[in-house]
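# Below is the sequence, then the predicted model.
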Amino acid sequence: MSVPAARPRAVAPARRGAAQRGSSTRDNSDVRDPPSPWIIAPAADAALILGAPLLSAALVLPLAALVGSRVVWLVVMTFGSVGHHLPGFLRTYGDRALFRQHRARFLLAPPLVFATSLWFAAYNLHGVLLLSLVWSVWHGMMQHYGFLRVYDAKVGARAPEVARLDWWMTCAWFSLCLLWSPVQGASVLASLFDAGFWLIPPAALRVAGTVTLVLTLAISALYLIMTARWRRRGVPVSPRKLALLVTTTALLYFARVMTRDPFLTVALFEVLHDVQYLAIVWAFNRGVAERGQGGRLGRWLYRPRALAVAVYVTLCLAYGALAFGVALWRGDGLGTRVVVALLATSGILHFYYDGFIWKLRRAEVSAGLGIEAGAGASSPPAPGRSRRELAHLLIFVGMMLALWRIERRPAKPGALEVCEAMVALVPESPTARQNLGAELLARGELEGAVAQLREAAHLRPGFLDVQLALGRALLASGAAEAAREVFTRALTLAPEHGEAHLALAELALGDRRIEDAIDHYQRALAVRERDAKAHGNVAYALAASGRLDDGLRHVQRAIELEPRLLLARVNAGLILDALGRRDEALAELRVAVSLEPSSVQAWSNLGGVLMKLGRGAEAARAFRAALAIDPSFAPARHNLARLSARPR
């Protein structure tokens, strides 16, 4: 389906036979079609701009229910979020006039931002991530404000007071939804604290949220009153602008305030943002192509034809596919850090360039969007522009040096202090509760960990990661039955999840339900075939059920995957001993005690094999080594007594 372009403003042919009065004649006048109030066309605007919030919800919510919110988030943040950077770069480096105006920025900014991103990544610092997150919030807000002004400019609404009220309305609602968000607000706070910033008193945040709520309600009331007054006075106000304001604000509130799933919160707004961005950039470039400007590729790519639109979208998705590949890559070497730095550079440059290349006061932008001259055309480049642009880059360098110093300062709060502060600041955040629970679990504070993770599971009952974290904490605290219930519930969310099956397998093995344990181990290995520990454990379960050959095959695979895994060596010795291959069992157990000299089980099993081989003195030394580590270990004590009772 082709996307129609905004209707061009054509000059009507002069009318023949102009009326005459007396001896005078009236001059012919050019008659122009009225400018279109739409950015693209009614149907396209309704679907891709005004209806983008509804489109986002209609796409994201069912897909999240089908494949999980994490998968949807991953696809959106790679193919969509990174992919939509491409059109801006095509204009930045493809528009010769624009490039000449801002040559210093376009040449110096990319290597500077990339070097900074790589520098921070090399030291595992968070300043670049903080900058990207905060700038992305600002960028999303400014895009929404820009759409409001474009629709007003389309109907000739140029009054400064209208623009100011649009600005305050946009700032108020975006600020409110950020401060009241249990997810994105928590994300910004966590990024601040990760970057070494000072902790914020909870009372200060509550006051800020209350003040913002009061201001937002007041500004909204003023907006309604002034809009009604302007319309009565005949001041033009675009109804399309008002519709966009309502739909976007509604989605923003739903995504950021009402939604507690962090992946849905981000994906819902990102789809809205990306669709609107791609639509308006296509509309602008279509206007450029209609005037015969731009390169040959642009004139072909931005035609109102289905094939051209498909190629445009495919190019953006292909650019985003680079980020998708990195997200799936498990490496952590220099190459991965370089690619991650490149992606961070892409995002920061996108925010930076879009802050000035799409301003409506630029004459070429207004013309490309079909806005009448006079709506705010820019003057020619002023002298000294290059010096100002270099100053911008120096400000960036100074800001990044400040972020470096802040995060490297010695008196930063510890991890536990930060997690506790996050829960105090955003108690409704399941992520904050989960992080505090994980930190307490790592410190061995099991009761506190279980309490925090239970609250996180209550706030986000359908979230797999929370269920798994709660299950781990319950296992560590010895609440086996409660842990079994949690891991079983996790399998209802992800029936083939490897960790849940492994946990249930170990619980079943502890209860001597051998067949259940084998079933869970095998289902876990179907998705985690390279898990050496799982191979070693299922080998033990298979041996306990009498399937020694199957057990041997799994334990050999475990050793192949992880030669220094003590569990695998001990179980290999056990199975080989049961098969009567005692010399091989002896070799495996000697490796085991060399890997872990403090392993009671390894020394005791070694003594048992030596005793069967008739090497009593060596067996006795092995049993004594086991008892030196744990004097209460019954098998070693029993076998040593048997050796002592033998006739010499």
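Sure thing, it's come through. Numbering: from 1, shown residues only.

# got the buried residues for stretch 468-484?
Residues of stretch 468-484 classed as buried by neighbour count (16 or more other C-beta atoms under 10 Å): 468-475, 479, 482-484. Using the backbone N, CA and C atoms, a C-beta is placed for each residue, glycine as well.

# What of stretch 144-161?
Those buried within stretch 144-161 under the rule 16+ other C-beta under 10 Å are 144-157.

# Need these in a markdown table (columns: secondary structure, distance to residue 275 and pLDDT).
Formatted as a markdown table, the buried residues of stretch 144-161 follow (DSSP: H, G, I helix; E, B strand; the rest coil; distance: C-beta to C-beta, whole Å; pLDDT from 0 to 100):
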| residue | secondary structure | distance to residue 275 | pLDDT |
| --- | --- | --- | --- |
| 144 | helix | 13 | 97 |
| 145 | helix | 17 | 96 |
| 146 | helix | 15 | 95 |
| 147 | helix | 12 | 96 |
| 148 | helix | 17 | 96 |
| 149 | helix | 19 | 94 |
| 150 | helix | 16 | 94 |
| 151 | helix | 16 | 95 |
| 152 | helix | 21 | 94 |
| 153 | helix | 21 | 92 |
| 154 | helix | 19 | 92 |
| 155 | coil | 23 | 91 |
| 156 | coil | 27 | 87 |
| 157 | coil | 25 | 86 |
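
# For those, which two are the farthest from each other?
144 and 156 (21.2 Å; C-beta to C-beta).

# ok, so what distance separates residue 347 from residue 72?
The spacing between residue 347 and residue 72, counted by C-beta to C-beta, to the nearest Å, is 20 Å.

# For residue 39, state which of the buried residues of stretch 144-161 is nearest.
Nearest member of those to residue 39, counting by C-beta to C-beta, is residue 150, at 6.2 Å.

# I'd guessed that closest one sits against residue 366; true?
No. Residue 150 lies out of contact with residue 366 (C-beta atoms under 8 Å); the separation is 9.2 Å.

# could you point out the longest helix in this structure?
Longest helix in the chain, counting residues (DSSP state H): helix 202-233.

# So which elements touch that helix?
On a contact count with 3 or more C-beta pairs under 8 Å, 6 or more residues apart in numbering; DSSP states H and E, helix 202-233 meets helix 160-179, helix 415-425.

# relative to helix 415-425, how tilted is that helix?
40 degrees (axes from the mean of the first three to the mean of the last three C-alpha atoms, to 10 degrees).

# Any buried residues in helix 202-233, and which?
In helix 202-233, the ones that count as buried by 16+ other C-beta under 10 Å are 205, 209, 212, 216, 219-220, 223, 227, 230.

# cool, and stretch 452-461?
For stretch 452-461, burial by neighbour count (16+ other C-beta under 10 Å) applies to 452-457, 459-460.

# how distant is that stretch from the center of its chain?
Centroid separation between stretch 452-461 and its chain, computed with C-alpha atoms, centre = their mean, to the nearest Å, is 21 Å.

# May I ask you to confirm that residue 159 is in contact with residue 235?
Yes. Counting by C-beta under 8 Å, residue 235 is a contact partner of residue 159 at 6.3 Å.

# rewinding a little: which one of the buried residues of helix 202-233 is nearest to residue 241?
residue 227 (9.6 Å).

# tell me the secondary structure for the residue nearest to the closest one when sequence neighbours are not counted?
Closest residue in space to residue 227, ignoring its immediate chain neighbours: residue 237 at 5.8 Å, by C-beta to C-beta, 6 or more residues apart in numbering. Taking DSSP: H, G, I helix; E, B strand; the rest coil as the rule, one finds residue 237 in the coil state.

# Likewise for residue 351?
Residue 351 ends up helix, using three-state DSSP.

# what sits against it?
Residue 351 makes contacts with 132, 135-136, 138-139, as judged by C-beta atoms under 8 Å, 6 or more residues apart in numbering.

# Tell me the one of those residues nearest residue 123?
Distances from residue 123 to those, taken by C-beta to C-beta, are shortest for residue 132, at 16.7 Å.

# Quick one: work out the angle between the host helix or strand of that closest one and helix 160-179.
Using DSSP states H and E, residue 132 maps to helix 127-154. In terms of direction (the same axes, to 10 degrees), helix 127-154 departs from helix 160-179 by 140 degrees.

# Tell me the gap between helix 127-154 and the middle of its chain.
18 Å.

# ditto for stretch 93-103
Chain-centre distance of stretch 93-103: 32 Å, with C-alpha atoms, centre = their mean.

# Tell me the span between the first and last residue of that stretch.
10 Å (C-alpha to C-alpha, to the nearest Å).

# Next, the buried residues of that stretch.
95, 98, 101-102.

# Ok, stretch 420-434 next?
Here stretch 420-434 shows 420-426, 428-434 as buried, counting by 16+ other C-beta under 10 Å.

# the helices in the stretch 1-150 of the chain, which residues?
Ranges of helices in the stretch 1-150 of the chain, per DSSP state H, counting those that start in this stretch, are 42-45, 52-67, 69-75, 86-94, 96-101, 103-122, 127-154.

# again with the stretch 201-350 of the chain
202-233, 239-253, 262-290, 296-301, 306-328, 334-357.

# Residue 577: which of these is closest?
Set against residue 577 and scored by C-beta to C-beta, these come closest in helix 306-328, at 42.6 Å.

# pLDDT of that closest one, averaged?
Here helix 306-328 scores 89 as its mean pLDDT.

# got JSON lines for the buried residues of stretch 93-103, with distance to residue 515 and pLDDT too?
Output for the buried residues of stretch 93-103, formatted as JSON lines (distance: C-beta to C-beta, whole Å; pLDDT from 0 to 100):
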{"residue": "95", "distance to residue 515": "69", "pLDDT": "84"}
{"residue": "98", "distance to residue 515": "70", "pLDDT": "87"}
{"residue": "101", "distance to residue 515": "74", "pLDDT": "87"}
{"residue": "102", "distance to residue 515": "70", "pLDDT": "88"}
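
# who touches residue 281 in this structure?
Residue 281 sits in contact with 87-88, 91, where contact means C-beta under 8 Å, 6+ apart.

# Return the member of those nearest to residue 444.
residue 88 (50.0 Å).

# ok, the closest one touching residue 355?
No. Contact criterion C-beta under 8 Å: residue 88 and residue 355 do not qualify, at 10.6 Å.

# Of the two, which one has the most company?
Neighbour count, other C-beta atoms under 10 Å: between residue 88 and residue 355, residue 88 has more, with 19 against 13.

# Regarding residue 200, what is its secondary structure?
coil.

# do residue 512 as well
Residue 512 is classified as coil under three-state DSSP.

# ok, now which ones touch it?
Contacts of residue 512 by C-beta under 8 Å, 6+ apart: none found.

# can you check the one 5 residues further on too?
When contacts are counted by C-beta under 8 Å, 6+ apart, residue 517 is found next to 505-506, 508-509, 538, 541.

# one more time with 10 Å, if that's ok
504-511, 537-538, 540-542, 544-545 (C-beta atoms under 10 Å, 6 or more residues apart in numbering).
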